[in-house]
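**Student:** The sequence and its predicted three-dimensional model are supplied below.
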Amino acid sequence: MRWKKTELADMQMGSFFLLAILAFGLVLNVSANTEVEVLYAWKANLIDPNNVLQSWDATLANPCTWLHVTCNGDNNLVRIDLGKANLSGPLIPQLGQLSNLMYLELYDNNISGAIPIELGNLIKLVSLDLFSNRLSGHIPDSLGNLQRLRFLRLNNNSLSGSIPRSLTTIATLQVLDLSSNHLTGDIPINGSFAFFTPMSFRNNPGLKPQKFPPPPPMFQIAPTPSAKGPSSS
Amino acid sequence: MKKRMLVRKSTMGSLWICHFFLFLTMLNASFFTVVLGDNVSDSYWLLKMKSKLVDPLGALKDWSPIVPMCSWYGVTCSLDQSHVIGLNLSGSGISGSRSFELVTHLTSLQTLDLSSNSLTGSIPSEIGVLQNLRILQLFSNYLSGTIPAEIGNLKKLEILRIGDNLLAGEITPSIGNLKELKELGLAFCYFNGSIPTEIGSLKNLVSLDLQMNSLEGHIPKEIQGCENLQKFAASNNLLEGDIPSSLGSLVSLQILNLANNSLSGSIPSSLSHLFKLKYLNLLGNKLSGKVPSELNSLTQLQKLDLSKNNLSGPINLFNSKLKSLQTLVLSDNFFTGNIPANFCFSGSKLEQLFLARNKLSGNFPLELLSCSSLQQLDLSDNRFEGELPTTLDKLQNLTDLALNNNSFTGSLPPEIGNMSNLESLFLFHNMFIGKIPVEFGRLQRLKTIYLYDNQMSGPIPRELTNCTSLTEIDFFGNLFSGPIPETIGKLKDLVLLQLRQNDLWGPIPPSMGYCKSLQLLALADNKLSGSIPSTFSYLSELRTITLYNNSFEGPLPESLLLLKNLKIINFSHNRFSGTILPLTGSHSLNALDLTNNSFSGPIPSSLAMSRNLSRLRLAHNQLTGSIPSEFGQLIELNFLDLSFNNLTGEIAPELSNCKKIQHFLLNNNRLRGKMPPWLGSFQELGELDLSFNDLHGSVPSALGNCSNLLKLSLHHNNLSGEIPQEIGNLTSLNVLNLQSNHFSGLIPSSIQQCKKLYELRLSENLFTGDIPDELGGLTELQVILDLSKNLLSGEIPSSLGNLMKIERLNLSFNNLQGQVPSSLGKLTSIHMLNLSYNHLQGQIPSTFSKFPLSSFMNNDHLCGPPLVLCSGSKGQDQVVLSNKEVAAIIVAIVFTSTLICLVLLHIMVRIWCNWRKVAISSADGGIGERKREEARWMYSDKKTRNGEYWNMNTLGFSTPSPNKQSPDQSTA
């Protein structure tokens, strides 16, 4: 009934009990699927009042039957769809190990903390939508490694620091929204940034306006066909 | 109330009798009492106390007026037998609440020990009258309330132990008055507040135990006044601040335990003055900085635990100096470097060394091999690297070796096989390569071997099955090959066998059935083959068996029905055949996964006996018959996947009881009937796939209640009617596939509320009307928007230009009219586009030039690259043309227009020249001026356009454009 019977004799028990757990309470290896481990570790860091991550069961061989994730035919994780899921907590560095991820849709949550540098390892990423969260810190330089990225929306967060120049090397970048943050410094105008208008950067009081107006978009509406010219002359 | 009149007997002739001369019957008392003068005697109070106590063990049965008081159990009398001076009822099983106050009448008491009982109530303030009390032990009861301040009146008190009760409140400062106190035990209570500074006036205190309370604040520096203190334990409180360096003056201290508080700052070097210290425990605080090397002077120290702090720097403690050390725990800190040289010495008594979860690096510390008495060594979760030394077997006493989660490389030294005391070997999560040495077979005491997450290869040696003490084997995630040893059955104590993700081949040895203790068997992700041996029926303890991703085949032995404890079965992705009935013996199943085998026959309804079944996956087999209606009893069912079978019949209405369903996958069967409306009551539903069946009728509007639904696949059925507006309630929906049904009516505009859709397929239906403008609001659409093969009419809404992420857009085979909105040209993510077989006309966005002609064919009159260039006049080329014809026409048009242009220009230039001559000669210069103005405008207009055309021509045509020459001509 009562486990704490003797007083002084127990003096040392507590710590040694703990010690034994530390040394030999090794958790049995249940799953070594990286994606499962990473996502489960992330889940452990998240507050999920709506229980949207209920199906994230670490004992499964892969995450493909979990909800809010999508695998490709080889059971590799390619999408995470957790937009507007009322999640709070941080992004964790291990997310950078989800090497097949193409779509990371986490917009409209209460996710806080910094964008992990390791997200720059997700080289297959096409869309990184982290807008409308509570992210802070710098935009990691490493995001410039995401050379297949087409959509980068980090707007409506509390990101600070300058816009990494590395982002201008992402030739595929189509949609960029860094608006409503606390970014500072110059807005890059070279590379892929040549096509983005001030709309992508608005409401960042510390950002210096672009020195040159951006040139017209890459895919200009074609001029009227040639047949018209001669016939009108 | 029963009154018993008893005549005092003096037959025993005991001395004490003469002291009592009056017999009184107390009001409402059920016993006889004896009173001396006007003072009620001790025995009176004791008997009264007895009456208040519950005494289930009968410890107080000899407490009776007919027995001399001084011979009562637990009672010690004064020499003259007149007074009780000692009462010891420790551990006598008594309980009761208000009995305690009565003790305070025994004013001669010197010793009171009521410890280890079940007494309730509080410590009365009257306790202060027991002026003679030297020993008060009340620990391990259920006493509540606070410590009365009057306890400070017990000036003679030497031992006060009242811990392990429900006492709360602050520790009364009056405790400082107990100048004679040697032992103070207040542990395991609910005391809060801070440690009273008055404690420092207890000069004689030897032992102070404050463990497991809620004490907060600092450790008072006044504690240095307790100059005789030998034991001080304040662990598991909320103490904060620095460890007072004044503790260093308590030179008698042998035990110091401050574990699990919030103490911060660095460890005071003054602790090194505690030269008698045997036990020092500071685990679980916020201590930081380096460990003072002065601590090395604690030559009496036997156990030192500094784990779970923020300590950093190199390890600067030396067993060679701390010569008495038996246990050293530095885990969970930020220590760097390696074990220092000269750490060990030849007479080392160090048995336990725990350094896990630090930042230690370098090779395996050879220095440790000199600590020959080591029994337990934990270096896990550090940054060690390199190979293990072949001389590891110098640690002959080692029972537990944990080197997991490091970066060790190389192969395992065979010499480990000489470590005959080894019981557990944790080497997982390293980079070990090579084979398991056959010498491991000598480890007769080995119970646990974890090698998972390494790169080890070769066969699992048969010799390993000589290690008959083995209970747990985990080789997960290596490259082991060859067969499982035939002699595996020798491991009678084996509880866990985890061989998943290796390259093992061959059959399961029948002897495995003799591993009768086996609870978890994981052979998944190998190349194993053959069938399950019938001996498996002996594995009656088996809870989990996972064989997925192998090449097992054949029917299951019927005797598997005897495995009654199975909870998790995963045989998916093999070639098992026959009935699944042998797997229904257990009624404790949690998960059954037989996906992708060749099982046939009906789904056994007896599966419903496992009421806790939460995952049932039988997809991709050849199961026949209908879904058992008994499954309605599976109220814990969460994942039901019966897809890709030959199931027939209707979806049993009983399934509507399975309210916890998240995945409901019945696709690719031959199910009939209507789509059940009760699906709308599945609040947890995340994925619903009924595709490729023979379902008919309409989509029940109740489905809109499944607000958590992420994937809805109803394609390839015979469903009809309109899509209910309630589809818009599925605001979480990611995928909607209604392809190939008979749905009709309009595409509901409410679909715009499904903002998270990334895949939408409505093709091959009978949808009519316009494409709703609102589709343009589905900005997350990415995989596909497929509206093809419907009866849609009207124009393509320009709002579709908002679908920035869309990769595939198929609007083909409809009756769409009008122009392709230029906004679609912005959709640069599109890599597949199909607008063919509509009635579209006009110019297509220039960015569409990258798509093949087939994307646009069979429309009324589309133009622009890659199609024919648009001509200004409309209404021509109504006939549908082949590609060759189109190409020919393009060439022809270009040629003729070039020609016409040239001719016209030539004529114009000549006319102009002639006219100029005339004009110059004319008297009316005003008209001439106007004409020149006109010509100049014409000229400049041509010039600007020329640049554009140049671009166009170089893109599309190789023939030089006449326009290129026209400026030259005009200036000529």
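**Tutor:** Perfect, I can see it now.

**Student:** And the strand or helix carrying B:Leu833, what does it pack against?
**Tutor:** Using DSSP states H and E, B:Leu833 maps to strand B:832-834. Identification of packing neighbours for strand B:832-834 by 3 or more C-beta pairs under 8 Å, 6 or more residues apart in numbering or on different chains; DSSP states H and E yields strand B:808-810. Just so you know, the C-beta spots here come from the backbone N, C-alpha and C atoms, and that holds for glycine as well.

**Student:** who touches the strand holding B:Leu833?
**Tutor:** Applying C-beta atoms under 8 Å, 6 or more residues apart in numbering or on different chains, the contact partners of strand B:832-834 are B:Ser788, B:Glu807, B:Arg808, B:Leu809, B:Asn810, B:Leu811, B:Ser812, B:Phe848, B:Phe851, B:Ser854, B:Ser855.

**Student:** what number of residues lie near B:Leu791?
**Tutor:** 13 (other C-beta atoms under 10 Å in any protein chain shown).

**Student:** May I have the secondary structure class of the nearest residue to it once chain neighbours are set aside?
**Tutor:** Using C-beta to C-beta, 6 or more residues apart in numbering or on different chains and skipping the chain neighbours, the partner closest in space to B:Leu791 is B:Thr768 (4.7 Å). The three-state label for B:Thr768, taken from DSSP: H, G, I helix; E, B strand; the rest coil, comes out as strand.

**Student:** in the stretch 701-850 of chain B, what spans have low per-residue confidence?
**Tutor:** Counting by pLDDT under 70, the stretch 701-850 of chain B contains no low-confidence residues.

**Student:** Just the strands from it, written as ranges.
**Tutor:** B:711-713, B:718-721, B:735-737, B:742-745, B:759-761, B:766-770, B:784-786, B:791-795, B:808-810, B:815-818, B:832-834, B:839-843 (DSSP state E, counting those that start in this stretch).

**Student:** Direction included, what does the last one pair against?
**Tutor:** Strand B:839-843 has the following sheet partners, assigned by DSSP bridges: strand B:815-818 (parallel), strand B:861-863 (parallel).

**Student:** Of those, flag the one that's most buried.
**Tutor:** Mean neighbour count (mean count of other C-beta atoms under 10 Å in any protein chain shown) peaks for strand B:861-863 among the strands paired with strand B:839-843, with a mean of 21.

**Student:** Please report how far the residue nearest to B:Pro628 when sequence neighbours are not counted lies from chain A.
**Tutor:** Using C-beta to C-beta, 6+ apart and skipping the chain neighbours, the partner closest in space to B:Pro628 is B:Ser605 (3.8 Å). For B:Ser605, the distance to chain A (C-beta to the nearest C-beta, to the nearest Å) stands at 25 Å.

**Student:** cool, B:Leu647 as well?
**Tutor:** 20 Å.

**Student:** Can you tell me the closest non-neighbouring residue to that residue?
**Tutor:** B:Asn669 (4.0 Å).

**Student:** mind checking pLDDT for the one you found?
**Tutor:** We have a pLDDT of 97 for B:Asn669.

**Student:** swap in B:Leu24?
**Tutor:** pLDDT at B:Leu24 comes out at 32.

**Student:** Okay, now the unreliable bits of chain B?
**Tutor:** B:1-40, B:872-972.

**Student:** actually chain A, not the one I typed
**Tutor:** A:1-32, A:210-233.

**Student:** residue ranges of the helices in it, please?
**Tutor:** With helices called from DSSP state H, chain A shows them at A:13-24, A:34-45, A:228-232.

**Student:** so who does the residue of the stretch 551-700 of chain B found nearest chain A touch?
**Tutor:** Among all residues of the stretch 551-700 of chain B, B:Gly686 sits closest to chain A, at 4.2 Å; criterion: C-beta to the nearest C-beta. Contact analysis of B:Gly686 by C-beta under 8 Å, 6+ apart lists A:Ser55, A:Leu67, B:Gln662, B:His663, B:Asn708, B:Leu709, B:Leu710, B:Lys711.

**Student:** Please apply the same query to B:Leu518.
**Tutor:** Counted by C-beta under 8 Å, 6+ apart, B:Leu518 has contacts B:Leu494, B:Val495, B:Leu496, B:Leu497, B:Met512, B:Leu539, B:Glu541, B:Leu542.

**Student:** any idea how far it is from chain A?
**Tutor:** 14 Å.

**Student:** Kindly report the same for B:Glu423.
**Tutor:** Distance from B:Glu423 to chain A, by C-beta to the nearest C-beta: 10 Å.

**Student:** what's near enough to touch A:Ser158?
**Tutor:** A:Arg134, A:Leu135, A:Ser136, A:Asn181, A:His182.

**Student:** what is it paired to in the beta sheet?
**Tutor:** Under the criterion used here (DSSP bridges), A:Ser158 is bridged to A:Ser136.

**Student:** Please determine how far it is located from B:Thr535.
**Tutor:** Computed as C-beta to C-beta, to the nearest Å, the A:Ser158 to B:Thr535 distance reads 64 Å.

**Student:** one step back: in PyMOL, select just the buried ones from the contacts of A:Ser158.
**Tutor:** A single PyMOL command selects the buried members of the contacts of A:Ser158 (16 or more other C-beta atoms under 10 Å in any protein chain shown):
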select buried, chain A and resi 135+136+181
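
**Student:** Tabulate the contacts of A:Ser158 in JSON lines, adding columns for distance to B:Leu637.
**Tutor:** Putting the contacts of A:Ser158 into JSON lines (distance: C-beta to C-beta, whole Å) gives the following:
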{"residue": "A:Arg134", "distance to B:Leu637": "38"}
{"residue": "A:Leu135", "distance to B:Leu637": "39"}
{"residue": "A:Ser136", "distance to B:Leu637": "43"}
{"residue": "A:Asn181", "distance to B:Leu637": "46"}
{"residue": "A:His182", "distance to B:Leu637": "49"}
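
**Student:** Nearest residue to A:Leu146 in space, please, no chain neighbours.
**Tutor:** Counting by C-beta to C-beta, 6+ apart, the residue nearest A:Leu146 is A:Leu125, at 5.0 Å.
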